[in-house]
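# Sequence plus predicted model, see below.
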Amino acid sequence: MHRQPAKLAHILYPAANVGLTAGFYHDLFDLPIRFVDGERFAMLGETGALLAIAGADEQVADLRVAASFKVHSVEDTLTRAAELGAVLQRPTQEGAHETRAVLRDPDGNPVVVYAPHHD
């Protein structure tokens, strides 16, 4: 069966103050701010993998830095991940803009998988 490849979408950084942290990375690296959703979430960068700043409500990886992969199907990805030795950390849930889940790779690193509500 042919699977659609996932896309490394962003690296998720937890932040106590989304605006302050987004401003830091914007000012330090001249990263363009793509959008800010109050103190919940900010996305910075232009192309390729982006930098995501997650406020308290969006810290799905338990205050750890995590790669976030955009996938075609969260459930199919979780099934395949389990076959490959991953452990489910946070079950599938509906976020403000996506369906997401968090797993841990075989070394225990958090990995976020998500599918946007509208692509």
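Happy to help now that I have it.
# going forward, measure contacts and count neighbours with C-alpha atoms only.
Noted.
# ok, so what distance separates N17 from R40?
Look at N17 and R40: by CA to CA, to the nearest Å, they are 9 Å apart.
# Strands of this structure, start to end?
7-14, 33-37, 41-44, 50-54, 66-70, 87-94, 98-104, 110-116 (DSSP state E).
# Show me what F69 bridges to in the sheet.
Beta-bridge partners recorded for F69 (DSSP bridges): L8, V113.
# ok, how many other residues are close to it?
F69 has 21 neighbours, counted by other CA atoms under 10 Å.
# Spatially nearest residue to the residue most central in space within the chain, not counting backbone neighbours?
The centre of the chain sits closest to S68, judged by CA atoms, centre = their mean, with a distance of 3.5 Å. In space, and not counting its chain neighbours, S68 is closest to V112: 4.5 Å by CA to CA, 6 or more residues apart in numbering.
# residue contacts, the one you found?
Neighbouring residues of V112 by CA atoms under 8 Å, 6 or more residues apart in numbering: V60, A61, A66, A67, S68, F69, R100, A101, V102, L103.
# quick one: buried residues of stretch 2-10?
A6, A9, H10 (16 or more other CA atoms under 10 Å).
# any idea of the pLDDT on the residue nearest to the centre of the chain?
Reading off the confidence values, S68 has pLDDT 90.
# quick one: contacts for L78?
By CA under 8 Å, 6+ apart, the neighbours of L78 are L88, L103.
# one more time with 10 Å
L84, A86, V87, L88, P91, T92, A101, V102, L103, V113 (CA atoms under 10 Å, 6 or more residues apart in numbering).
# Could you check the pLDDT of the second one?
Put plainly, it is A86. 91.
# could you point out the longest helix in the chain?
Ranked by residue count, the top helix of the chain under DSSP state H comes out as helix 18-29.
# Which one, of the strands of the chain, ends up nearest to G23?
Of all the strands of the chain, strand 33-37 sits nearest to G23, with 8.5 Å by CA to CA.
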